[in-house]
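Chemist: kindly generate the corresponding structure for this input.
(one chain, ligands or ions: 1)
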Amino acid sequence: MEIEIIKAADTEISELILKELDRQRNTIELIASENFTSTAVMATCGTVPTNKYAEGKPGKRFYNGCEVVDEIEIIAQERVKKLFGVEHANVQPHSGAQANMAVLLYVLKPGDKILGMDLSNGGHLTHGSPANFSGMYFDIASYGVDDQGYIDYENVEKVALEHGPKLIICGASAYARTIDFKRFKEIADKAGAFLMADIAHIAGLVATGHHPSPAGYADFITTTTHKTLRGPRGGVVMCSKEHAAGIDKAVFPGLQGGPLEHIIAAKAVAFKEALAPEFKEYSENVVKNAKALARSFVDNGIDLVSGGTDNHLMIIDLRKLDKTGKDISNMLEKIHITANKNTVPNDPKSPFVTSGVRLGTPAITTRGFKEEDMKVIGEIIAEAIKNSEDEQKLAELGKKSLELCAKYPLYPDLTA
Ligand SMILES: *Cc1c(COP(=O)(O)O)cnc(C)c1O
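Modeler: Alright, predicted model coming up:
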C-alpha cells in the first residue's frame, strides 16, 4: 500500500485508511460477501490505467490510445471465460448489480415479467425487490424456500407456469444449500423463459468445482468478482456467442460510461490466481470451514436455517432464543466479530430488525483460519448470544476473538 504517498498528500484520509486496516486486522470477518484480496490484486487497483478513457470494447473504442488497455481487457476476458467455461464474457460491469442490470436491459422491456427469489428468502435486491429498479420497471413474481429452508423447485415450476415470466433468475445472497441449475433450466424451458444464474456469492466455489456450474444451463451468468472469487470489487456478465453483442451493448452504452481499466487489470490478476491450483485448495477449505462452523453452532445449541450448509455461508435462526439479528450483529461487533443481520424464512421481524444473522467463511479462510478455529468461533458466538446482556462475559469473549486474530496476521507485509 502506497500509504506514505497518500500521507504526504492527505493525512486525514491516510490515517483513516490505516484505521480501517487496523479494524480489519482485529476483526474476525464473517460477513459472507467479503474477502481479502491478495496484495497483488490490491496493488493493481492503484495503477495508471485509472487515467484512461476506454468507452467501447477492445478493438472498437471511442477514444484513441487504447491499445494497451485493450490487451489488458482481452486477457481478463480470456481468463474468466476459461475459469467458467463460457463463450463470452464482458468484464466491464462496475459491480454485481450492474451486471444484473445489463441482462435485464438486454432481455426485457419495461413491464415484462421476471421470476426471482424473494429477498427475504435469500434473493438479491436486483432480483425484483420493490426497492430496486428491477422491481420498479418490471412485473415481479417470486419464489422462496420451504419451511426447512430449501428452494422448493415444485413451487418454482408452479409459479413459473402460472405467471409465464420472460426471465427466471436463480442465485442468491443468503442461501446455504446447493442450487440445482439443471432443474432451473428445465423449469425455464417449460415456461419458455430465459434463465439467468447470478453466482455472485458462490463464484469462487463454482470456478473450482466446489459448487455445480450453471454453464451449459443458464442463458446468462452474472457474478461479482469480490466475494468468494477474491478479486477487486466489480462484476462480470457471461453468455453464449448468440447474446454477446446484445449484452455488450447493454453494458455500454446502455448502462455505463468508461470502464474502470485499472479494476479490469486487477480482475485479470485475480482470475489468474483463481486458475491456479492453490485456489482450488482455498475453495475446499472455505467449504470445510463452513461445515465445521455450522457443526459448532449446532453442537452449542444454536439453530441454523436448513440445519447446516453446503457452501460458504450459513444463517443463524434466533427465533427460538427470542433475540433479533439487529441486536446480535451489533453485539458481535463489540467482541470483534463482524457479520450481518439477515431475515430467516417467514421472518416475523422487519428487514431492519430480522431474526437471523448470516455468516460466511471466505474471508477468514483467506486469513488462514482452520477447522479447529471454527469450533472455537462457534463457541464464542454461541456464548455471546446466550449472554448478550452480560458485559463482563462479552469482554472475555472479545479477548478470545483478538487472540484468534493475532494467530493469523492479516497483510503482515503491509508496512502501514
Ligand atoms: C452481492 C450480490 C450482488 C451485487 O453485487 P454488488 O457488487 O454489491 O452490486 C448481486 N447478486 C447477488 C446474488 C449478490 O449476492
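
Chemist: put the alpha carbons of stretch 354-369 into PDB.
Modeler: Presented in PDB, the C-alpha positions along stretch 354-369 are these (Å, rounded to 0.1, in the frame of the first residue of the first chain):
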ATOM      1  CA  THR A 354     -34.700  -9.600  11.400                       C
ATOM      2  CA  SER A 355     -34.500 -12.900  13.300                       C
ATOM      3  CA  GLY A 356     -31.300 -14.100  11.800                       C
ATOM      4  CA  VAL A 357     -27.500 -13.500  11.300                       C
ATOM      5  CA  ARG A 358     -25.700 -14.500   8.100                       C
ATOM      6  CA  LEU A 359     -22.100 -15.700   8.500                       C
ATOM      7  CA  GLY A 360     -19.600 -17.000   6.000                       C
ATOM      8  CA  THR A 361     -16.000 -18.300   5.900                       C
ATOM      9  CA  PRO A 362     -14.400 -16.900   2.700                       C
ATOM     10  CA  ALA A 363     -12.500 -14.000   4.400                       C
ATOM     11  CA  ILE A 364     -11.300 -15.900   7.500                       C
ATOM     12  CA  THR A 365     -10.200 -18.900   5.300                       C
ATOM     13  CA  THR A 366      -8.100 -16.500   3.200                       C
ATOM     14  CA  ARG A 367      -6.500 -15.400   6.500                       C
ATOM     15  CA  GLY A 368      -5.600 -19.000   7.300                       C
ATOM     16  CA  PHE A 369      -8.200 -20.000   9.900                       C
END
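
Chemist: for it, list every residue counted as buried.
Modeler: Neighbour counts over stretch 354-369 (16 or more other CB atoms under 10 Å) mark 354-367, 369 as buried. C-beta here means a position set from N, CA and C on the backbone, and glycine is covered the same way.

Chemist: and what of stretch 38-55?
Modeler: Residues 38, 41-42, 44-45, 49, 52-55 are the ones in stretch 38-55 that count as buried (16+ other CB under 10 Å).

Chemist: got TSV for those, with distance to Leu275 too?
Modeler: Output for the buried residues of stretch 38-55, formatted as TSV (distance: CB to CB, whole Å):
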residue	distance to Leu275
Ser38	13
Val41	14
Met42	19
Thr44	16
Cys45	20
Pro49	21
Lys52	26
Tyr53	29
Ala54	24
Glu55	29
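
Chemist: residues in the stretch 1-150 of the chain within reach of the ligand, list them.
Modeler: Contacts of the stretch 1-150 of the chain with the ligand, taken as CB under 6 Å from any ligand atom, map to 33, 95-97, 100, 124, 126.

Chemist: tell me which of the buried residues of stretch 38-55 is nearest to Met331?
Modeler: Nearest to Met331 out of those is Met42 (CB to CB; 30.8 Å).

Chemist: what's next to the host helix or strand of that closest one, contact-wise?
Modeler: Using DSSP states H and E, Met42 maps to helix 39-45. Helix 39-45 is contacted from outside by 1, 230-232, 262-263, 265-266, 269-270, 273, 411, 413-414, using CB atoms under 8 Å, 6 or more residues apart in numbering.

Chemist: and the residues you listed, which two are the farthest apart?
Modeler: Farthest pair in the contacts of helix 39-45 (CB to CB) is Ile263 and Asp413. Separation: 22.5 Å.

Chemist: phi and psi next, for Ser129.
Modeler: Per-residue torsions, Ser129: phi -70, psi 140 (degrees, to the nearest 10).

Chemist: tally of neighbours for it?
Modeler: 20 (other CB atoms under 10 Å).

Chemist: adjust the sequence numbering to begin at 6 for everything that follows.
Modeler: In the new numbering, first residue 6, that becomes Ser134.

Chemist: in this structure it contacts Met122, no?
Modeler: No. Counting by CB atoms under 8 Å, Ser134 stays clear of Met122, with 10.3 Å between them.

Chemist: could you find the closest non-adjacent residue to the residue of the stretch 6-155 of the chain found nearest the ligand?
Modeler: Among the residues of the stretch 6-155 of the chain, Gly101 lies nearest to the ligand; the distance is 2.5 Å by CB to the nearest ligand atom. Once flanking residues are discounted, Gly101 sits nearest to Thr229: 3.7 Å by CB to CB, 6 or more residues apart in numbering.

Chemist: what about the one you found, how many neighbours?
Modeler: Count around Thr229 with other CB under 10 Å applied: 25.

Chemist: do Asp308 as well
Modeler: Using other CB under 10 Å, Asp308 has 16 other residues around it.

Chemist: could you pull up the contacting residues of it?
Modeler: The contact partners of Asp308, by CB under 8 Å, 6+ apart, come to 321-325.

Chemist: phi, psi of the residue nearest to Gly101?
Modeler: Dihedral angles for Thr229 - degrees, to the nearest 10 - are phi -90, psi 170.

Chemist: just give me how far the helix or strand bottoming out on mean pLDDT in the chain sits from the chain centre.
Modeler: The least trusted helix or strand in the chain, going by mean pLDDT, DSSP states H and E, turns out to be helix 8-14, with a mean of 92. Taking CA atoms, centre = their mean, to the nearest Å, one finds helix 8-14 lying 31 Å from the centre of the chain it belongs to.

Chemist: quick check: buried residues in it?
Modeler: Within helix 8-14, the residues scored as buried using 16+ other CB under 10 Å are Ile11.

Chemist: among the residues of the stretch 6-155 of the chain next to the ligand, which lie within helices?
Modeler: Judged by DSSP state H, these include 101-102, 105 as members of helices.

Chemist: can you redo those as JSON lines with distance to Glu92 and pLDDT?
Modeler: Output for those, formatted as JSON lines (distance: CB to CB, whole Å; pLDDT from 0 to 100):
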{"residue": "Gly101", "distance to Glu92": "21", "pLDDT": "98"}
{"residue": "Ala102", "distance to Glu92": "24", "pLDDT": "98"}
{"residue": "Asn105", "distance to Glu92": "20", "pLDDT": "98"}
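
Chemist: can you list the weak-confidence ranges in this structure?
Modeler: Within the chain, the ranges that satisfy pLDDT under 70 run 6, 420-421.

Chemist: show me the domain layout of it.
Modeler: 48-279, 293-412 (automatic domain parsing).
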